[in-house]
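Participant: Sequence plus the predicted model coming up.
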Amino acid sequence: MCHSDRPDTTPTADRPVGIDVGLESFTTLHTGAKTAPPKFYRRAHKKLAHAQRNLSRVQKGSNNHKKARQRVAKIHQKIKNQRTDWLHKHALGIIQNHDTVCIEDLNVRGLARTKLAKSFMDTALSTFMQMLREKAEWHGRQVVQVGRFYASSKTCHACHTKAALTLSDRVWMCPTCGTTHDRDVNAAINILHEGVRLLAVGTTESQNAAGDPGSPAKRRRVGR
């Protein structure tokens, strides 16, 4: 009898989740649960800066230069390993506990070019998104990406009024219905609702990680 290492891919319940990602909280679920962002690079910054200064002071080509370069590389590798391990565990926890993951399709490359670049690179959002898709495929779950221009943060999930917000507005009150919102939780709720809607109407933005035939990538290939 042949046994597969692949886990049971049959969803056990209808458990969709809406997720807002960012810097204040790495992930915020529509339930209000928040996870702080990893800051492995920032925690190792002093040690790394010291190692880099030592590297710049020694003569190139010498044994001391080689050792100093290895120390810098070792610190970078440790940061990378810590971040990757954290992202794997966080993505796996979300996929194991939810059948449908609705998340915003962020322009991570664009964000990485802003003044917040170091923070975005440290949180490794693009890597996290890729891990979600891979783990969803393995576990038979689905990831629904909501368009990046959808106003998830600025739209009141109760009455759908759009408010004029700045990045510093973390809590705001809807001018129409008076509902007070946590910016990230409100965004996650809206992302959930929009993701479920996209899934229901079967648009090309709704795709499972295994590769929906109607996904944008496959449509582009077919159209060529």
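Facilitator: That came in fine, so what should we check first?

Participant: the bottom helix or strand of this protein by mean pLDDT?
Facilitator: Least confident helix or strand, the chain: helix 216-223 with a mean of 33, by mean pLDDT, DSSP states H and E.

Participant: Okay, strands next: where are they in this protein?
Facilitator: For the chain, the strands defined by DSSP state E cover 16-21, 27-29, 34-35, 100-104, 142-146, 171-173, 180-182, 206-208.

Participant: Next, format those as CSV and append mean pLDDT, mean neighbour count and distance to residue 77.
Facilitator: Where C-beta positions appear, they are placed from N, C-alpha and C, glycine not excepted. Shown next, in CSV, are these (pLDDT from 0 to 100; neighbours: other Cβ atoms under 10 Å; distance: least, Cβ to Cβ, whole Å):
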stretch, mean pLDDT, mean neighbour count, distance to residue 77
strand 16-21, 95, 24, 25
strand 27-29, 96, 23, 25
strand 34-35, 96, 16, 24
strand 100-104, 95, 25, 29
strand 142-146, 94, 24, 29
strand 171-173, 96, 14, 40
strand 180-182, 97, 17, 37
strand 206-208, 42, 21, 34
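
Participant: Out of the ones you listed, which gets nearest to residue 86?
Facilitator: Among these, strand 34-35 comes nearest to residue 86, with 9.9 Å by Cβ to Cβ.

Participant: hey, where'd the helices end up in the protein?
Facilitator: Applying DSSP state H to the chain gives helices spanning 40-43, 45-57, 63-97, 108-111, 117-123, 125-139, 183-201, 216-223.

Participant: Deepest in the core, which of those helices is it.
Facilitator: Among the helices of the chain, the stretch with the highest mean neighbour count (mean count of other Cβ atoms under 10 Å) is helix 183-201, at a mean of 21.

Participant: tell me the angle of that one relative to strand 142-146?
Facilitator: Counting by axes from the mean of the first three to the mean of the last three Cα atoms, to 10 degrees, helix 183-201 lies at 110 degrees to strand 142-146.

Participant: Would you mind saying which of the helices of the chain lies nearest residue 149?
Facilitator: Between residue 149 and the helices of the chain, the tightest spacing by Cβ to Cβ is seen for helix 183-201, at 11.4 Å.

Participant: Against which helices or strands is the closest one packed?
Facilitator: In terms of contacts (3 or more Cβ pairs under 8 Å, 6 or more residues apart in numbering; DSSP states H and E), helix 183-201 is packed against strand 16-21, strand 27-29, strand 100-104, strand 142-146, strand 206-208.

Participant: gap between stretch 41-53 and the chain center?
Facilitator: A distance of 25 Å separates the C-alpha centroid of stretch 41-53 from that of its chain, computed with Cα atoms, centre = their mean, to the nearest Å.

Participant: could you dump the strands of the chain to CSV with distance to residue 89?
Facilitator: Formatted as CSV, those follow (distance: least, Cβ to Cβ, whole Å):
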stretch, distance to residue 89
strand 16-21, 16
strand 27-29, 12
strand 34-35, 11
strand 100-104, 16
strand 142-146, 18
strand 171-173, 30
strand 180-182, 25
strand 206-208, 22
